[in-house]
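Enquirer: for reference, the sequence and a predicted model appear below.
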Amino acid sequence: MMMKIQKTFALSEQGANDLIKGCAACALHNVALIFPVWLLYALVKDLMGGGGEAGRAAFYSAACLACVAFILATYRFQYNATFLATYVESGVRRIAVAERLRKIPLAFFGKRDLADLTSVIMADCTSLEEAFSHFIPELLGAIASTLLVGAGLLTVDWRMALAALWVAPAAFAVVGFSAKVQKRLNERQMSAKMACADGIQECIEAARDLKANNSEVAYLEGLDKKIKEVESRAVISEFGTAAFVVSASLILKLGIATTALVGALLLVDGRLDLLTFFMFLLVASRIYDPLQGALQNLAVIVAVRTNIARMNEILYHPVQSGESGLTNKGCDIVFDRVGFAYDGGRTVLEDISFTARQGEVTALVGPSGGGKTTVSRLAARFWDVDRGKISVGGMDISQADPEELLSLYAIVFQEVTLFDNTVMENIRVGRKDASDEEVLAAGRLANCERFVERLPQGWQSRIGENGCALSGGERQRISIARAFLKDAPIILLDEATASLDVENETQIQGALSRLIKDKTVLVIAHRMRTVAGADKIVVLAEGRVAEQGSPAELIKARGLYWRMTSLQSRGGRWSLRSA
């Protein structure tokens, strides 16, 4: 049952327990609000029976104080069990989603963009927070309290009880039958919101290109249509919900009329006394208040299922796992007949086999789209292979814990990601426990010192979002400094010097030569001169190993590598001339 509640409402185990407690608290508070009605009934009955005046006044005064104290106590219990518990659960859920994203294979991120995932963590968790604090406990509490009060009314007079309660299942049925319609409306509204969020994010990220191509007006016109679509979908969704909720509320109001009508008929026939009739009218006027709110809550819960489904897609997505403790002997990387396709689509790699040995530089070259970057990502288990096996020092990487496996790798990506922090802290990402002296040493090895000296606060200068205060080459050098700092036995370099000028590239290559000593090095390069000194070249074309061997062997074979080298050599002699 607890697992069912957790999955239905995207809650943690503690959150599911708190939800049950919140429902019980709401039910108890609703029952407490009925107590004054019973007290009034008892008072009228006592007065009609001619009870003692002094004793009656003292008793009912004490009873009134007891009712107020009980209502206040149940309200406090309800507040703590719903609102306070919700704030804790909201934080737990956001952390759980973020932690799950950290462990999900990177293939998942190819299907979900940044705006979508941000919306799950922020907007969808907020929707869950509102549902947990307001809607779900109050709905279930209202149903529970109505059942308890209804059972009590049936013991007094079943005919009057049915006259008062028949409207409840009818009203809930109207809202319940609208679930499919509301789900469809909410899914369309969510799609419109995501399209709008994507458009806004894209507009911000592509502002420079839009300006450069005079495309701002045209793009903003399209974005304006997306914003209007969000507004339109919100209105349609609200109207669709209101139509069912208002109809159900009208049915609920009929309960007072049927209670009065049936009571009047029974009273005329002498089958019901006036006091009981009066009591049922009082209870009917009170019992519908929580039900009225429950109808609205039910409609909102139906709507929030879309948000819950988006969260559950992440929370229950399969994660990469493996045995703790690395069993590799050495750091040779072996690809054995590896095949791979992104998300079950077109095959990217087919029957890839080669060995990158420790102490050697293995370069991956070939035409664009040949699978070079995919090979490097598979080597670090960013994705799991579909066929074949990749091993490091004889250890099957698919059986190793991903985080422990990555402790063996230092990676320099072509696209550098930096944080809005100081130069020091951006380099320290390579090894969080590194001392300042170690960070500075790594920065100097990566030739960061020259540009850092020009910054206002040197190594303590903040570099802006994703290093916007730095040039492409400076950003790349910080990324290389991270690799120096981590000092892992396997180095993956994805066009590591692509953003550097000739002078800096020469200096960085000298530093890299010191970094890669006695390590397994896998280099991706498009410039053939970058890998001319590699121990081994693996040429990838159309997802297959076209050829492999030393640079001298491949030049002698006059295959694809020789052709690419010749083309780049001729291209190097090209110059820009006016016609």
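Expert: Good, I have the coordinates.
Enquirer: what's the first helix or strand after the helix or strand bottoming out on mean pLDDT in the chain?
Expert: Least confident helix or strand of the chain, by mean pLDDT, DSSP states H and E, is helix 502-515 with a mean of 69. Per DSSP states H and E, the first helix or strand lying C-terminal to helix 502-515 is strand 520-524.
Enquirer: which residues are in contact with that next one?
Expert: By Cβ atoms under 8 Å, 6 or more residues apart in numbering, the residues outside strand 520-524 that reach it are 331-333, 356-365, 372-373, 376, 379, 414, 489-496, 530-531, 534. (Glycine included, C-beta is placed from N, CA and C.)
Enquirer: quick one: the strands in this protein, in order.
Expert: If DSSP state E is used as the criterion, the strands of the chain fall at 333-341, 347-356, 361-365, 387-392, 395-396, 409-412, 490-494, 520-524, 536-541, 544-549.
Enquirer: ok, the second one: who's next to it in the sheet?
Expert: In its sheet, strand 347-356 lies beside strand 333-341 (antiparallel), with partners assigned from DSSP bridges.
Enquirer: just the buried residues of the partner strand, please?
Expert: Neighbour counts over strand 333-341 (16 or more other Cβ atoms under 10 Å) mark 333-336, 338, 340-341 as buried.
Enquirer: and those, which is closest to Ala400?
Expert: Ile333 (13.0 Å; Cβ to Cβ).
Enquirer: give me every residue that touches the closest one.
Expert: Per Cβ under 8 Å, 6+ apart, neighbours of Ile333: 355-356, 362, 379, 390-392, 490, 520, 522.
Enquirer: now Ala96
Expert: Here Ala96 is in contact with 12, 315 (Cβ under 8 Å, 6+ apart).
Enquirer: ok, now Leu515?
Expert: Contacts of Leu515 by Cβ under 8 Å, 6+ apart are 445, 483-484, 487, 491.
Enquirer: cool, Asp116 as well?
Expert: So Asp116 contacts 194, 197-198 (Cβ under 8 Å, 6+ apart).
Enquirer: who are the packing partners of the longest helix along the chain?
Expert: Across the chain, the longest stretch assigned as helix under DSSP state H is helix 216-268. Counting contacts by 3 or more Cβ pairs under 8 Å, 6 or more residues apart in numbering; DSSP states H and E, helix 216-268 packs against helix 158-165, helix 167-177, helix 179-205, helix 274-315.
Enquirer: tell me which strands and helices the shortest one is in contact with?
Expert: For helix 158-165, the contact count by 3+ Cβ pairs under 8 Å, 6+ apart identifies helix 136-156, helix 216-268, helix 274-315 as packing neighbours.
Enquirer: these two touch, right, Pro36 and Leu65?
Expert: No: the criterion here is Cβ atoms under 8 Å, and Pro36 misses it with Leu65 at 11.8 Å.
Enquirer: the more surrounded of those two?
Expert: Set Pro36 next to Leu65 and count neighbours by other Cβ atoms under 10 Å: Pro36 wins out with 17 against 10.
Enquirer: give the contact list for the nearest residue to Ala400 once chain neighbours are set aside.
Expert: Excluding the flanking residues, the one nearest Ala400 by Cβ to Cβ, 6 or more residues apart in numbering is Gly322, at 4.4 Å. Applying Cβ under 8 Å, 6+ apart, we find Gly322 in contact with 398-402, 404-405.
Enquirer: any idea how far Asp224 lies from Cys448?
Expert: As judged by Cβ to Cβ, to the nearest Å, Asp224 and Cys448 stand 44 Å apart.
Enquirer: so which of these two has more stuff around it?
Expert: The residue with more neighbours, out of Asp224 and Cys448, is Cys448; 23 against 11, by other Cβ under 10 Å.
Enquirer: settle this for me: that one is touching Val439, isn't it.
Expert: No: with contact defined as Cβ under 8 Å, Cys448 does not count as touching Val439 (10.0 Å).
Enquirer: okay, and the common contacts of the two?
Expert: Common contact partners of Cys448 and Val439 (Cβ under 8 Å, 6+ apart): Ile427.
Enquirer: ok, and for stretch 533-548, which residues are buried?
Expert: Buried residues in stretch 533-548, defined by neighbour count with 16+ other Cβ under 10 Å: 534, 536-541, 543, 545-548.
Enquirer: also stretch 232-250?
Expert: For stretch 232-250, the neighbour count (16+ other Cβ under 10 Å) marks 233, 237, 240-241, 244-245, 248-249 as buried.
Enquirer: cool, and stretch 122-134?
Expert: 124-125, 127-129, 131-134.
Enquirer: picking up where we left off before, same question for the longest helix of the chain, mean pLDDT?
Expert: The average pLDDT within helix 216-268 is 87.
Enquirer: again with stretch 410-429
Expert: Across stretch 410-429, the average pLDDT comes to 88.
Enquirer: so how far is Thr306 from Ser127?
Expert: 9 Å.
Enquirer: overlap in contacts of these two?
Expert: Counting by Cβ under 8 Å, 6+ apart, nothing touches both Ser127 and Thr306.
Enquirer: to Val452, which of the helices and strands packed on helix 158-165 lies closest?
Expert: helix 216-268 (35.9 Å).
Enquirer: where does pLDDT dip in the stretch 1-150 of the chain?
Expert: Applying pLDDT under 70 to the stretch 1-150 of the chain flags residues 49-55, 107, 110-111.
Enquirer: got the contact list for stretch 140-155?
Expert: Stretch 140-155 has contacts (Cβ under 8 Å, 6+ apart) with 22-31, 34, 78, 160-161, 164-165, 168, 280, 283, 287, 290-291, 293-294, 297.
Enquirer: residues touching Val348, list them.
Expert: Neighbour list for Val348: 340-342, 371, 374, 543 [criterion: Cβ under 8 Å, 6+ apart].
Enquirer: looks like Gly293 contacts Glu138 (just checking).
Expert: Yes: between Gly293 and Glu138 there is a contact under Cβ under 8 Å: 6.0 Å.
Enquirer: who has more neighbours, these two?
Expert: Counted by other Cβ under 10 Å, Gly293 and Glu138 do not tie: Glu138 has more neighbours, with 23 against 16.
Enquirer: who's in contact with the more buried one?
Expert: 26, 290, 293-294, 297.
Enquirer: try Ala10
Expert: Going by Cβ under 8 Å, 6+ apart, Ala10 touches 93, 128, 308, 311-312, 315.
Enquirer: can you put those in a markdown table and add distance to Gly270?
Expert: Converted to a markdown table, the contacts of Ala10 look like this (distance: Cβ to Cβ, whole Å):
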| residue | distance to Gly270 |
| --- | --- |
| Arg93 | 60 |
| Leu128 | 55 |
| Ile308 | 54 |
| Met311 | 60 |
| Asn312 | 59 |
| Leu315 | 62 |
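Enquirer: grab the nearest non-local neighbour of Ile20.
Expert: Residue nearest to Ile20 in three dimensions, not counting chain neighbours: Ile5, with 7.4 Å by Cβ to Cβ, 6+ apart.
Enquirer: and for Arg482?
Expert: Closest residue in space to Arg482, ignoring its immediate chain neighbours: Gly430 at 3.4 Å, by Cβ to Cβ, 6+ apart.
Enquirer: so what's the residue count around that neighbour?
Expert: 22.
Enquirer: before we move on, back to that, among the contacts of Gly322, which ones are in helices?
Expert: Using DSSP H, the subset of the contacts of Gly322 located in helices is 402, 404-405.
Enquirer: just the buried residues out of these, in PyMOL syntax.
Expert: Here is the PyMOL command that selects only those of those that count as buried (16+ other Cβ under 10 Å):
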select buried, resi 402+405
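Enquirer: out of the strands of the chain, flag the one nearest Tyr41.
Expert: Among those, strand 333-341 sits nearest to Tyr41 (Cβ to Cβ), with 72.8 Å.
Enquirer: next, the angle from that closest one to strand 520-524.
Expert: Counting by axes from the mean of the first three to the mean of the last three Cα atoms, to 10 degrees, strand 333-341 lies at 40 degrees to strand 520-524.
Enquirer: how far away from the center of its chain is strand 333-341?
Expert: From the chain centre to the centre of strand 333-341 is a distance of 31 Å (Cα atoms, centre = their mean, to the nearest Å).
Enquirer: so who does the nearest residue in space to Lys21 that is not next to it in sequence touch?
Expert: In space, Lys21 comes closest to Ala81 once its chain neighbours are excluded; the distance is 4.7 Å by Cβ to Cβ, 6+ apart. Counting by Cβ under 8 Å, 6+ apart, Ala81 touches 18, 21-22, 24-25, 137.
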